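In: Predicted model and sequence follow; I will ask about them next.
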Amino acid sequence: MLDSALKFHHEGLLDKADEIYQDILKIDEQNFDANHLHGIILSQKGEYEKALLFLNKARKRNSNNYELSNNLGIAHKNLRDYKNAEQYFLNAILLNKNNYKAYYNAANLYIDQGKLDKALKFLEDAEKHNTNFAEINQRMGEVYQTKFKLSQNINYIEKSIKCFEQSLGKDPSNTDAYVRLALSFLW
């Protein structure tokens with residue numbers, strides 16, 4: 001059942017996948033995978049509080065799972081529970097120092113809080129672990145633009161230009177990066 005649900009989930013057929021996850025939970029309400037994956041779907045649908053119920057059930061079964069910690073962080077971030085979000089992202093990083101996702105998600109959390117220098121450090125760490133993900137460079141460029149707006153230090157604009165160019169080198173079809181790059185040149 002789980003294999004079928006995962007296939008639907010990867011194809012973007014969330015409702016079909018979720019039906020199967022819920023069927024599994026009727027048989028075994030403590031099933032780690034079904035609780036975790038049902039929680040992810042609820043989170044993807046914006047139902048973060050409900051998602052936390054299932055993600056926490058999964059955590060009771062296995063608290064040392066990287067993906068689960070990262071997903072708990074995302075749900076808490078979307079509820080603006082920044083303290084718990086940070087805790088889960090940092091835990092995910094401890095569980096797998098080589099996966100960029102938790103670094104990237106923590107950086108976005110710090111951006112939301114205005115902790116721009118901390119965000120840049122986590123974005124740099126994310127890039128060390130995934131040099132092909134163009135969004136990392138784009139987010140770095142956006143942070144540098146924000147730092148420029150706060151300080152009027154032209155060095156930040158120069159850094160943002162470099163970041164947007166790196167992002168476009170990885171994903172030349174990213175129109176948002178072109179717009180951001182143009183804005184940096186305008187400033």
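Out: Looks like it arrived, so ask away. Residues are numbered from 1 along each chain as shown.
In: tell me which element Ala119 is part of?
Out: Per DSSP states H and E: Ala119 is located in helix 116-129.
In: what comes into contact with that helix?
Out: 98-101, 103-104, 106-108, 110-111, 133, 136-137, 139-140, 143, 146-147 (C-beta atoms under 8 Å, 6 or more residues apart in numbering). C-beta: built from backbone N, CA, C; applies to glycine.
In: Tell me, how many residues neighbour Gln152?
Out: 10 (other C-beta atoms under 10 Å).
In: quick revisit: could you list which of the contacts of helix 116-129 belong to helices?
Out: Judged by DSSP state H, helices contain the following of the contacts of helix 116-129: 100-101, 103-104, 106-108, 110-111, 136-137, 139-140, 143, 146-147.
In: out of those, what pair is the most spread apart?
Out: Within the ones in helices among the contacts of helix 116-129, Lys101 and Lys147 form the most distant pair, 24.3 Å apart (C-beta to C-beta).
In: lowest confidence element among the helices and strands of the protein?
Out: helix 2-10 (a mean of 88; mean pLDDT, DSSP states H and E).
In: Tell me which residues are up against the helix or strand following it.
Out: Using DSSP H and E, the helix or strand that follows helix 2-10 in sequence is helix 14-27. Helix 14-27 has contacts (C-beta under 8 Å, 6+ apart) with 1-2, 4-9, 31, 33-35, 37-38, 41, 44-45.
In: filter those to the buried ones?
Out: Ala5, Phe8, His9, Asn31, Asp33, Ala34, Asn35, Leu37, His38, Ile41 (16 or more other C-beta atoms under 10 Å).
In: pretty sure the last one is touching Gly12, no?
Out: Looking back up the chat, that one is Ile41. No - assessed by C-beta atoms under 8 Å, Ile41 is found out of contact with Gly12, at 11.1 Å.
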